[in-house]
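Asker: Fold the stuff below for me.
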Amino acid sequence: MSLMQMAKTSAAVARLKENNIPFISVLTDPSMAGVQASFASLGDLHVAEPGAMIGFTGGRVIEQNLRIKLPKDFQSAEFQMAHGQIDLIVHRSKLKEQLAQVLSLLLD
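Answerer: All right, here's what the predicted structure looks like:
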């Protein structure tokens, strides 16, 4: 049942794009697995909380399967931003204010 909802949500995001309505993805801790693999990664703008873990699968699984050692901060919001996957890192207490500012720019 939940897998069907991911597809429906992704289709809804596609309808937003068709109508030039921005989709802002707010990533909280953790934003992993199916959420990240589907609609969370479709945003026009990706905003994350400081320190949020963001990725498809956990670091331990990656290390075991690929037999590599990952950086300590791998999959943190800060790591993702440094590698171009996140646009903004905003503390939750400032999120409403920051989103209002971004929306005012996007929907002028």
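Asker: I'd like the distance from stretch 38-56 to the chain centre, please.
Answerer: 1 Å (C-alpha atoms, centre = their mean, to the nearest Å).
Asker: hang on, I meant stretch 34-41
Answerer: Using C-alpha atoms, centre = their mean, the offset of stretch 34-41 from its chain centre is 7 Å.
Asker: and that stretch, average pLDDT?
Answerer: Averaged across stretch 34-41, pLDDT comes to 83.
Asker: Numbering from 55 from now on, please.
Answerer: Shifting the count to begin at 55 puts that one at stretch 88-95.
Asker: And the contacts of that stretch?
Answerer: Under the contact criterion C-beta atoms under 8 Å, 6 or more residues apart in numbering, stretch 88-95 has outside partners 56-57, 60-61, 63-64, 67, 79, 81, 85, 100, 108-110. C-beta coordinates here come from the backbone N, C-alpha and C atoms, glycine included.
Asker: which one among those residues gets closest to Ser147?
Answerer: Distances from Ser147 to the contacts of stretch 88-95, taken as C-beta to C-beta, are shortest for Leu81 (16.3 Å).
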